[in-house]
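In: Pasted the sequence and its predicted model underneath.
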Amino acid sequence: MNQDRISTHQLGALLWAGLMAPAAELLPAATLPLAGRAAWLSGLMALPVVLLIGWALTRLDLRRGGLAGAVCRGLGPWAGKGVLLLYIIWGELLLSLRLRLCAQRLLTTGERDGSLWFFLPVAALLVLWMARGKLSAFARAGEVFLTVLLTAAGAVLFLSLPQTKGEHLLPLWWGDLPNAAKAALPVLGVLGYGVFTGFLLEDLEESRSGQNRWILWSAVGCCLLGLSQAVVIGNFGPTLAQQLDSPFFALAKSVGVEGAFQRVESMVAAVWTFADLALMGLLAIAIWRAAAGVTPKVRQKPVVTAAVLIAAVLGIAAFPDSISAEKAGSEMVLWGNLIAGAGIPMLVLLIGSLRGKEWR
């Protein structure tokens, strides 16, 4: 479909840059009710499931037409197109929610005066600018975004280490492990956004050297999610961290460098716009690829434009206030991502195997 190729490293950077937006908003607030002080283990508990799902996706041979092609091969053309329509609808809902949450974060950054009606269209225009262009350019931007985001996150976590209290994290007993395993579900819900990268895998460069690099990306990413949760819980304690809306950004409010800057939350919140843009651009392009699986003649720019404009309207209509948006992001989205990111690919692999489908 497209000669605009990207590398495995670029796709991984783009994905993890985007995942840092929901991760910062939801973890460990979503894992603490399930595991208490053991919630910081949830990232490690999620890793085996992530590797299993990754193995299933590799079995689908997504380099041949991406996830859209695999779904149609496994389920048949008509059922496959029906599932792709579900992915389009779900991607549109996620895009509208991310636009709403991004605009809300920009609105509250530094507690300045502003209007949601200004920030949401601005965010939508930025997404349009990135997603309508070449995928390779967007992927290179994703590498820059990830570098900036990791630097900011690393600074916040490093400056918070002196205030981390071991008694908030330990001791742990064998009985805590089942609860930590349950807490992996919200982590998997956050990582479920990653299924939309499957629609872009047909654009990877023809190189065998990076075929298994996703394993390293998954392992490092899950470990970093565990580390960040440990620092947050170690600073606030399990009870307080559970009550915070966005624990990581609350952590940023508590750090500073004497003689340089006392509060960094405004800068961190502004930097996190890069994560929102990476994830929203990824969703917009994935919606186009899913639409192309249903109707091959559709073109990138019209579909991306329509997807972003519809999402902008839905972002205000479906989520009229920040409470409804945050509730949707912490409940409905996590379960929906589990179905879209794990349930459907596994089902496609199972049905395709029963039909005697040769994936390779």
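Out: Sure thing, it's come through. Numbers count the residues shown, from 1 in each chain.
In: okay, now I310: neighbour count?
Out: The local packing of I310 (other C-beta atoms under 10 Å) involves 14 other residues. C-beta here means a position set from N, CA and C on the backbone, and glycine is covered the same way.
In: Surely it is in contact with G91?
Out: No: contact criterion C-beta atoms under 8 Å: I310 and G91 do not qualify, at 10.9 Å.
In: Could you give the number of residues near W272?
Out: W272, neighbours per other C-beta under 10 Å, totals 26.
In: That one contacts E25, correct?
Out: No: when contacts are counted by C-beta under 8 Å, W272 is not listed as touching E25 (9.0 Å).
In: Overlap in contacts, those two.
Out: Common neighbours of W272 and E25, counting by C-beta atoms under 8 Å, 6 or more residues apart in numbering, are F249.
In: Next secondary structure after the helix or strand hosting S136?
Out: Using DSSP states H and E, S136 falls within helix 135-160. Using DSSP H and E, the helix or strand that follows helix 135-160 in sequence is helix 176-182.
In: what distance separates that next one from the centre of its chain?
Out: Counting by C-alpha atoms, centre = their mean, to the nearest Å, helix 176-182 is centred 23 Å from the centre of its parent chain.
In: neighbouring contacts of it?
Out: Residues from elsewhere that reach helix 176-182, judged by C-beta under 8 Å, 6+ apart: L34, A35, G36, R37, A38, A39, L41, S42, M45.
In: The second one is in contact with L41, isn't it?
Out: Yes: A contact is recorded between A35 and L41 when judged using C-beta under 8 Å, the distance being 7.2 Å.
In: any idea which helix is longest in this protein?
Out: If you go by DSSP state H, the chain has its longest helix at helix 77-108.
In: For the following helix or strand past that one, list every residue counted as buried.
Out: Counting by DSSP H and E, the next helix or strand C-terminal to helix 77-108 is helix 116-131. For helix 116-131, a neighbour-count test (16 or more other C-beta atoms under 10 Å) marks L116, F119, L120, P121, A123, A124, L126, V127, L128, M130, A131 as buried.
In: per-residue pLDDT, the last one?
Out: The pLDDT attached to A131 in the predicted structure is 94.
In: And the contacts of helix 176-182, which is closest to K301?
Out: S42 (40.0 Å; C-beta to C-beta).
In: Can you name the residues that contact that closest one?
Out: 27-28, 31, 34-35, 180, 183-184, 186-187, 225-226, 229.
In: Mind checking which of those residues land in helices?
Out: Per DSSP H, the subset of those in helices is L34, A35, A180, A184, P186, V187, L225, G226, Q229.
In: helices and strands of the protein: which one has the lowest mean pLDDT?
Out: helix 265-271 (a mean of 83; mean pLDDT, DSSP states H and E).
In: That helix packs against which elements?
Out: helix 77-108, helix 135-160, helix 247-253 (3 or more C-beta pairs under 8 Å, 6 or more residues apart in numbering; DSSP states H and E).
In: Check which residues of the second one are buried.
Out: So the one you mean is helix 135-160. Using 16+ other C-beta under 10 Å as the test for burial, helix 135-160 gives 135-136, 138-143, 145-146, 149, 152-153, 155-157, 159-160.
In: other SSEs contacting it?
Out: Under the contact criterion of 3+ C-beta pairs under 8 Å, 6+ apart, helix 135-160 touches helix 8-26, helix 116-131, helix 213-236, helix 247-253, helix 265-271, helix 273-294.
In: contact partners of the least confident helix or strand of the chain?
Out: Counting by C-beta under 8 Å, 6+ apart, 105-106, 108-110, 148-149, 152, 156, 249, 252-253, 261 sit against helix 265-271.
In: go again using 6 Å as the cut-off
Out: With contact meaning C-beta atoms under 6 Å, 6 or more residues apart in numbering, helix 265-271 is reached by R105, T109, G110, A152, A252, K253.
In: do the same with stretch 310-319
Out: E92, L95, S96, L99, R100, L120, A124, A325.
In: Out of the residues you listed, flag the one nearest to V348.
Out: Of the contacts of stretch 310-319, the one sitting nearest to V348 (C-beta to C-beta) turns out to be E92, at 20.8 Å.
In: wait, what's in contact with the closest one?
Out: A311.
In: Could you shift the numbering so residue one becomes 19, and keep it that way?
Out: All right, first residue 19 from here; so that's E110.
In: Next one: the nearest residue to R123 once chain neighbours are set aside from Q122, what distance?
Out: In this structure, R123 finds its nearest non-sequential neighbour in A287, 5.5 Å apart by C-beta to C-beta, 6 or more residues apart in numbering. According to C-beta to C-beta, to the nearest Å, A287 stands 10 Å off from Q122.
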